[in-house]
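Trainee: coords below, sequence missing:
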């Protein structure tokens, strides 16, 4: 190369160097106090001429910190010596250009007032090496010299150096070393900047002779210069989506990549590139933003695209490191395709008189994404369904249209139904030139044998209430739709809640069956409904409804619904009450009402402001004490129909309006109350005594043996009318000459008793005892007896007396005895007297001078006892019973 060429190159370098160095000032001088506190602003490096370049500023003195705008701050308490303090600031831009700025601080001069002979003292200057740099991944050879460490104390002393800290005594250990005599710093192996971007360790200067440290420890900074040894990497998934048919420039997504090399350097300046699909998509080289380039992306043609993306550092320079990835771009669906019918026209048949029947399934095609609102079809009948006979639905599984008959069709009215059906989507059409499709449908109505039809589906009749039964109120007939005739049709009621109407089976006449009452709860708005069924000869049926509009008559009088009223008495004021009346008839047979007081209430009550209306105010005419008053009130309707009604008014003191206060009752007992309590106690004692007396009553029972027929029995008391009495021997009167004696005496005793509910008579005859007119009724056993033998057995017998027999036992014994005797006398044996046979009641037999004397006969009381002579030997036992023991002994 010629000397001229070298000159120009040198000149260019100097110009460039000058242009670079001229961006910052070379020296900064400032006067500061002797003692500086942390955070004190010392000065500022002017960076205005550097433009917008990103700069890195670092101080070689750890006591000072440099901000990004060049401001110099103190990091600790600092004392500035008299001779000043110096350090430097290193400025570096992104391209590696460096500038050194010297900073000199001098203390503000102060004169000591202690001594005029005081002199200024110069402080020892501190050593301050620049930051050292090493390159990452250095190839060696190692150890490799870095830089010398020099202390100002080496001028006066023989110094040796030591270092400690990260990279020396801590991880990574023994990466750096220092030649102790010379201060040469060495590195022993390659360093990865991404792992250790900077090392700050401490250097010490010692006197070689006494090993004393002659200078303050100095932090040594070693920066690891970056090398482009890391390719960019994708930091997010390469999966994107965009709507189909999007306009050019629509954002698809952003590719994100990172580089581990030093930030804000060309090593981390990434360039993004698409390697394919550039006709459809574009990517921003620096941001990685992917956009569309065309509006022709169609999901129905292709729903996914694969695009290869490359990221490269060094701003895409050929020597940059790169990484490639495959991005997936999905096209999302829009409703750009309407549903289309597969046929140009649809035909079908449907039977008349059918409802809720599926007539036709109508398929459609839709290219949009299945299952989305863009695909789901919605059908609409646009023509031919004005009467609402049809219903269209969508099958959610197949997307077909389902056409139903909603109301029965009548072939006699229209045999062909023409419809127009439109299909659309749930979502509106987007960026499409198409429109919703329509298709015609033709339905043929087939004939079917139909039931009779009434002349009108609903028949309205007007009837006055309370018309007589049997009144004809109308006729409701039906005809056969095919023959238009009513022949052979019969009519029946389906519903008639009150059974008010009869339907004539053959004619359809409607006649009143029961009283029609407009005020009945079966009537709503003066309307009563019945339904009628018509049946033809083929058992086809039809139904119709009859609406009976009931006209009102004046069959109800006004009534007072609440006749019991409360009038509150107040001091100095007379009570008033409001009486309401109602009439269930309609106008003009109801209100307004007229109210009149009965004659019984004149002078006691009066009507306040007696005007026609539905209520009246009843007021006391005179002062009356508290109590209940019956007030007759005549209420008449607008036609003057009504009757007198009684309003019961209770005048009382009220706790609140309309509620009487509770009556005061004295808690003290009066004289009559005490007497009533004593009387009840005495009655209770008497009942107890009577109960004890009844339970302690003793009866008698005589046991006998019958030697004549071998049967036995009990001689029981007769005509016991009350508890506590006993049959005594004195009642038995013995005749003087046995059975054949005359002049018999008769003693009659009548006894009436309450215990047990028994009543009767007792008669004792001479020579024998017979209870002839005894009738008894016992309530506790429901026993009735008539004509009983009171107390003896036939034949000679001896007496045994039992005193512990109650009346109940007596009656039970009588029952057993009579049952045995009846069975015995019912048998027909030889030698038996005919008169002793069991006869039916009412036939007493003939031939006996004394009449019937059967075993179960009831004898009246007679004065003559001659009939005893013909009784036969069976009654000797009775005679023996009636004879006392002394008389038998004398015989």
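Mentor: Looks like it came in fine. It should be emphasised that the depicted structure is a prediction, and the values quoted were computed from it without experimental measurement.

Trainee: Just the pLDDT for the closest residue to residue 164 other than its chain neighbours.
Mentor: In space, and not counting its chain neighbours, residue 164 is closest to residue 202: 5.8 Å by CB to CB, 6 or more residues apart in numbering. For the C-beta atoms, the positions are set from N, CA and C on the backbone; glycine is no exception. Residue 202 carries a pLDDT value of 94.

Trainee: I'd like the next helix or strand past the strand or helix carrying residue 202.
Mentor: Assigned by DSSP states H and E, residue 202 falls within strand 198-207. Next along the chain after strand 198-207, taking DSSP H and E as the criterion, comes strand 218-225.

Trainee: starting at the chain centroid, how far to that following strand?
Mentor: The chain centre lies 75 Å from the centre of strand 218-225; the measure is CA atoms, centre = their mean, to the nearest Å.

Trainee: Distance from the helix or strand where residue 88 lies to the middle of the chain?
Mentor: Element membership for residue 88, per DSSP H and E: strand 85-93. Mean-position distance between strand 85-93 and its chain equals 79 Å (CA atoms, centre = their mean).

Trainee: Next, work out how far apart the residue nearest to residue 164 and residue 219 are.
Mentor: 6 Å (CB to CB, to the nearest Å).

Trainee: Next: residue 657.
Mentor: From residue 657 to residue 219 the distance is 101 Å (CB to CB).

Trainee: Please say which of the two ends up with more neighbours.
Mentor: Remark: of residue 657 and residue 219, residue 219 carries more neighbours, 15 against 7, as counted by other CB atoms under 10 Å.

Trainee: Next, count neighbours for the nearest residue to that one once chain neighbours are set aside.
Mentor: Computed as CB to CB, 6+ apart, the closest residue to residue 219 that is not its neighbour in sequence is residue 62, at 5.0 Å. Neighbour count of residue 62, defined by other CB under 10 Å: 14.

Trainee: Model confidence at residue 62, what's the number?
Mentor: 83.

Trainee: Assess the claim that it and residue 75 are in contact.
Mentor: Yes - Residue 62 lies in contact with residue 75 (CB atoms under 8 Å); the separation is 6.6 Å.

Trainee: what's the burial count for the residue nearest to residue 653 when sequence neighbours are not counted?
Mentor: Excluding its sequence neighbours, the residue lying closest to residue 653 (CB to CB, 6+ apart) is residue 661, at 4.9 Å. Number of residues near residue 661 (other CB under 10 Å) recorded here: 11.

Trainee: Same question for residue 279.
Mentor: By other CB under 10 Å, the residues close to residue 279 number 9.

Trainee: And the one 5 residues further on, by the same measure?
Mentor: Under the neighbour criterion other CB under 10 Å, residue 284 is assigned a count of 12.

Trainee: Can you tell me how far residue 661 is from residue 629?
Mentor: On the measure of CB to CB, residue 661 and residue 629 end up 18 Å apart.

Trainee: you'd agree the residue nearest to residue 653 is up against residue 626?
Mentor: No - with contacts counted by CB under 8 Å, residue 661 stays clear of residue 626, the gap being 10.0 Å.

Trainee: intersection of neighbour lists for the two?
Mentor: Counting by CB atoms under 8 Å, 6 or more residues apart in numbering, the shared contacts of residue 661 and residue 626 are 652-653.

Trainee: can you tell me which residues contact residue 629?
Mentor: Applying CB under 8 Å, 6+ apart to residue 629 gives the contacts 604-605, 648-651.

Trainee: Sort out which residues of stretch 162-176 are buried, please.
Mentor: By neighbour count on 16 or more other CB atoms under 10 Å, the buried set for stretch 162-176 is 163, 165-168, 175-176.

Trainee: Secondary structure, distance to residue 440 and pLDDT added to the residues you listed, as JSON lines?
Mentor: As requested, the buried residues of stretch 162-176 are exported to JSON lines (DSSP: H, G, I helix; E, B strand; the rest coil; distance: CB to CB, whole Å; pLDDT from 0 to 100):
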{"residue": "163", "secondary structure": "strand", "distance to residue 440": "99", "pLDDT": "95"}
{"residue": "165", "secondary structure": "coil", "distance to residue 440": "94", "pLDDT": "95"}
{"residue": "166", "secondary structure": "strand", "distance to residue 440": "90", "pLDDT": "95"}
{"residue": "167", "secondary structure": "coil", "distance to residue 440": "91", "pLDDT": "94"}
{"residue": "168", "secondary structure": "coil", "distance to residue 440": "96", "pLDDT": "95"}
{"residue": "175", "secondary structure": "coil", "distance to residue 440": "91", "pLDDT": "95"}
{"residue": "176", "secondary structure": "strand", "distance to residue 440": "94", "pLDDT": "95"}
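
Trainee: Of the residues you listed, which is the nearest to residue 34?
Mentor: residue 165 (31.0 Å; CB to CB).

Trainee: Just give the nearest non-adjacent residue to that closest one, would you?
Mentor: In space, residue 165 is closest to residue 201, 3.1 Å off (CB to CB, 6+ apart).

Trainee: Look up how far residue 171 lies from that neighbour.
Mentor: 12 Å.

Trainee: filter the contacts of residue 629 to the buried ones?
Mentor: For those, a burial check counting by 16+ other CB under 10 Å picks out 605, 649-651.

Trainee: Count the neighbours of residue 325 for me.
Mentor: Counted with other CB under 10 Å, residue 325 comes out at 15.

Trainee: For it, what is the enclosing helix or strand?
Mentor: According to DSSP H and E, residue 325 maps onto strand 322-332.

Trainee: now what about that strand, what contacts it?
Mentor: Contacts for strand 322-332 (CB under 8 Å, 6+ apart): 231-234, 238-244, 252-253, 255, 257, 275, 281, 290, 297-299, 302-313.

Trainee: and residue 323, bridged to which residues?
Mentor: For residue 323, the beta-bridge partners under DSSP bridges are residue 311.

Trainee: Tell me the pLDDT of it.
Mentor: Listed pLDDT for residue 323 reads 96.
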